[in-house]
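Chemist: Build me a model from this:
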Amino acid sequence: MLVLAGAVRYQEERVSGARGSGTLGFRALGDSGFGDSMIGFRVLGDSGTLGAQGSGNVCEVWLAACSSQLVACSSRLGSGFGGRGSGWRRGIFAAMAVALAGVGGAAWGQTVKYVDATATGENDGDSWTDAYTSLVTALENDAAGWEIRVAQGTYYPGTAVTDTFEIDTQDVEIYGGYAGLQGGQNPDARDIEDFETILSGIVANTPSPEFAYHVVTIDDAVGDTDGTGTPSTVLDGFTIKLGKATGGTPPADSGGGLLSKQGEAVISNCKFEDNEATTWGGGAYVRGDGVGEDKDDGDRMRFENCVFEDNEAGENGGGMLIEYARINVVDCQFISNEVTGTTITFDGEDGGGGVWISPGYDDGGISETRFVGCLFRNNLSHAVGGGLGVSTATHQGPQLINCVFYENVASNTGEEQGRGGGIWSLRTLYLTNCTFVKNECYEEDMGGGILLYHDDDDTYTEAELTNCILWNNKSASAHDDEADQIVVLPHPDCTGECTPAVPDVTHCCIRDLATWTGELLNNNSDNPEFYGINSLDLRMQGTGCNGQDCDSDSIDAGNNDAISEPYDFGKRTRKVNREGFGTIVDFGCLETQSGE
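Modeler: The predicted structure follows:
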């Protein structure tokens with residue numbers, strides 16, 4: 001049974017209607033494996049608003065600003081997961097299909113265009129029969145206001161390494177996963193797994209394979225057209241693979257799968273796999289202009305329900321690198337990505353097997369880089385930050401909420417043998433209800449779970465951890481003291497007394513806790529009682545609950561004031577009253593539900 005659920009994939013026929021004309025609701029039924037819980041999945045409406053609630057294994061989701069008639073709805077929830085190289089279908093987040101038959105039509109003001117490599121008609125995109133046979137051809141038109149539907153199959157950006165699927169127009173929505181003309185089905189049927197749509201970086205096969213530097217490029221002309229802060233350009237439902245950013249000079253050396261050059265878009269339900277970069281961002285390189293007096297007010301990127309798997313970078317950000325950008329990463333997975341560089345210095349360190357942030361958006365306040373409900377699993381850095389690295393140049397550190405770091409590794413064979421298995425950071429972090437389990441670094445007492453460099457100098461602020469769990473993380477193959485879970489060292493650029501500042505760590509469970517003790521901090525070092533720590537079942541057993549103290553001291557023990565999301569990592573309700581003393585949030589990524 002799959003028990004760690006979060007970002008699930010959905011399939012649908014696009015439901016559209018007049019903007020602001022009403023509300024459309026639908027219900028998906030299924031068993032999430034959580035008992036009395038909800039199956040969580042996300043559907044974006046024209047207004048970008050979403051409501052969801054659930055109980056008794058029922059999830060109800062409202063798609064705002066749509067008025068089309070719902071004809072049919074069904075769903076399925078798969079199970080099973082795999083590790084490195086295990087493939088999309090067996091990923092930790094099971095596939096969910098939602099088929100909405102009999103609904104069609106683009107949103108108000110949009111023109112629908114079609115792309116199908118097997119079409120034999122007029123090649124003008126006006127119908128499936130007359131579909132463009134190349135997505136590049138469709139994008140070369142003035143596509144503003146278009147909804148482009150792309151049929152199953154594999155599409156290529158051209159014949160030269162500099163060719164790319166270039167999105168340079170605002171207000172265009174591009175959707176993959178349609179049946180199209182193949183198989184004799186309804187061509188408007190949409191299932192992003194069964195009708196997989198691949199954007200491949202292969203540009204030549206003879207005399208030897210050649211690959212595009214960037215499979216997809218989003219230009220700075222792509223932005224927010226309606227003033228809401230939500231980008232109006234959408235890329236949804238594609239597998240983006242085999243980009244190889246191996247050019248000798250920037251940006252041709254970064255962003256093998258995706259290069260975003262100060263653009264703004266929503267990237268959803270996409271998988272980035274088997275992409276490479278000589279320098280930065282094997283899967284994606286997202287660059288904004290968020291620094292200095294002339295910084296752009298835009299540069300908003302949003303990734304939802306995306307998978308970054310088996311991507312590689314030479315220096316930083318195997319899965320993704322973020323630079324000067326405001327970005328929200330929601331319900332995404334970073335699995336088995338790798339950074340191959342081995343440098344451990346503080347002016348050019350290699351790292352961030354899953355993600356690297358360097359530098360962040362500078363707005364003078366709390367970071368606008370947020371990761372919510374994300375999984376970092378089995379990522380590898382040969383220097384620092386197996387799962388996530390945050391560099392010294394970052395203006396504000398990221399917020400991480402309801403995230404999981406599991407079996408990430410920072411390894412090296414040199415004198416400095418890998419630091420910060422889960423996270424390595426030279427800047428502030430804001431961590432809430434995150435779980436770190438079985439991460440590892442090869443250097444002793446260098447933070448198998450988290451390594452923070454902070455000090456009393458005013459230049460570097462403190463980190464905040466609230467409602468988190470750090471358990472069975474290792475450094476140098478051991479987990480016998482607090483430094484194997486989390487360690488704080490003086491910042492290397494400190495000009496003051498250079499003594500480590502003590503981050504704010506409250507309402508957390510940390511194995512072998514020694515530093516953050518005291519009743520007022522509400523921390524503990526007791527076993528959180530996971531159902532299956534070796535099988536990624538990170539629910540906590542509710543043994544002894546039901547109106548009295550639970551055996552796990554991490555249940556009903558958190559700080560309600562710290563939570564900003566109503567649901568946990570599995571899209572299950574927070575603040576379930578198990579001990580009978582009121583609705584108090586649990587520690588960690590998953591809330592213990594009734595009956596667990």
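Chemist: how much space between the closest residue to Tyr406 other than its chain neighbours and Gly354?
Modeler: Closest residue to Tyr406 apart from its sequence neighbours, by Cβ to Cβ, 6 or more residues apart in numbering: Arg377 at 4.8 Å. Just so you know, the C-beta spots here come from the backbone N, C-alpha and C atoms, and that holds for glycine as well. Distance of Arg377 to Gly354, computed by Cβ to Cβ, to the nearest Å: 8 Å.
Chemist: same question, Asp537
Modeler: Asp537 is 21 Å from Gly354, by Cβ to Cβ.
Chemist: Same question for Thr137.
Modeler: On the measure of Cβ to Cβ, Thr137 and Gly354 end up 35 Å apart.
Chemist: Pro157 too?
Modeler: Where Gly354 is concerned, Pro157 sits at a distance of 26 Å (Cβ to Cβ).
Chemist: neighbour count winner among Asp537 and Gly354?
Modeler: Gly354 (36 against 17; other Cβ atoms under 10 Å).
Chemist: From what I see, the more buried one and Ile322 are in contact.
Modeler: No - Gly354 lies out of contact with Ile322 (Cβ atoms under 8 Å); the separation is 11.6 Å.
Chemist: Could you give the number of residues near Ala562?
Modeler: Using other Cβ under 10 Å, Ala562 has 19 neighbouring residues.
Chemist: repeat for Gly247
Modeler: The number of residues packed near Gly247 is 17, by other Cβ under 10 Å.
Chemist: On the three-state scheme, it is what?
Modeler: coil (DSSP: H, G, I helix; E, B strand; the rest coil).
Chemist: Can you name the residues bridging to the residue nearest to Tyr406?
Modeler: With DSSP bridges as the criterion, Arg377 is bridged to Ile335, Tyr406.
Chemist: show me the contacts for it.
Modeler: Contacts for Arg377 were tallied using Cβ atoms under 8 Å, 6 or more residues apart in numbering; they are 83, 92, 333-336, 404-408, 536.
Chemist: Please identify which of the residues you listed is nearest to Thr428.
Modeler: For the contacts of Arg377, the closest approach to Thr428 (Cβ to Cβ) belongs to Phe405, at 17.7 Å.
Chemist: Could you pull up phi and psi at Glu140?
Modeler: For Glu140, the backbone dihedrals (degrees, to the nearest 10) come out as phi -70, psi -10.
Chemist: and the gap between it and Phe165?
Modeler: In terms of Cβ to Cβ, Glu140 sits 11 Å off from Phe165.
Chemist: Return the helix or strand in this structure with minimum mean pLDDT.
Modeler: strand 75-77 (a mean of 25; mean pLDDT, DSSP states H and E).
Chemist: mind checking the end-to-end distance for stretch 504-515?
Modeler: Across stretch 504-515, the terminal residues are separated by 11 Å (Cα to Cα, to the nearest Å).
Chemist: Distance from it to the middle of the chain?
Modeler: Distance, stretch centre to chain centre, for stretch 504-515: 26 Å (Cα atoms, centre = their mean, to the nearest Å).
Chemist: So for it, mean pLDDT?
Modeler: Regarding stretch 504-515, the rounded mean pLDDT is 94.
Chemist: Give me the contact list for it.
Modeler: Residues from elsewhere that reach stretch 504-515 (Cβ under 8 Å, 6+ apart): 462-473, 479-482, 484-486, 488, 502, 516, 521-526, 528, 553-554, 557-559, 562, 587-588.
Chemist: Can you tell me which of those residues end up in strands?
Modeler: Among the contacts of stretch 504-515, DSSP state E puts 464-466, 469-471, 486, 488 in strands.
Chemist: between those residues, which has the most around it?
Modeler: Leu470 (33 neighbours).
Chemist: which residues does that residue bridge with?
Modeler: Beta-bridge partners, per DSSP bridges, of Leu470: Phe436, Ile510.
Chemist: ok, of the contacts of Arg377, which one's closest to Thr111?
Modeler: When the contacts of Arg377 are compared against Thr111 (criterion: Cβ to Cβ), the nearest one is Gln333, at 33.7 Å.
Chemist: And for the closest one, the neighbour number?
Modeler: Neighbours of Gln333 under the rule other Cβ under 10 Å: 26.
Chemist: The one 3 residues further on now?
Modeler: As a burial measure, Ser336 scores 25 neighbours (other Cβ under 10 Å).
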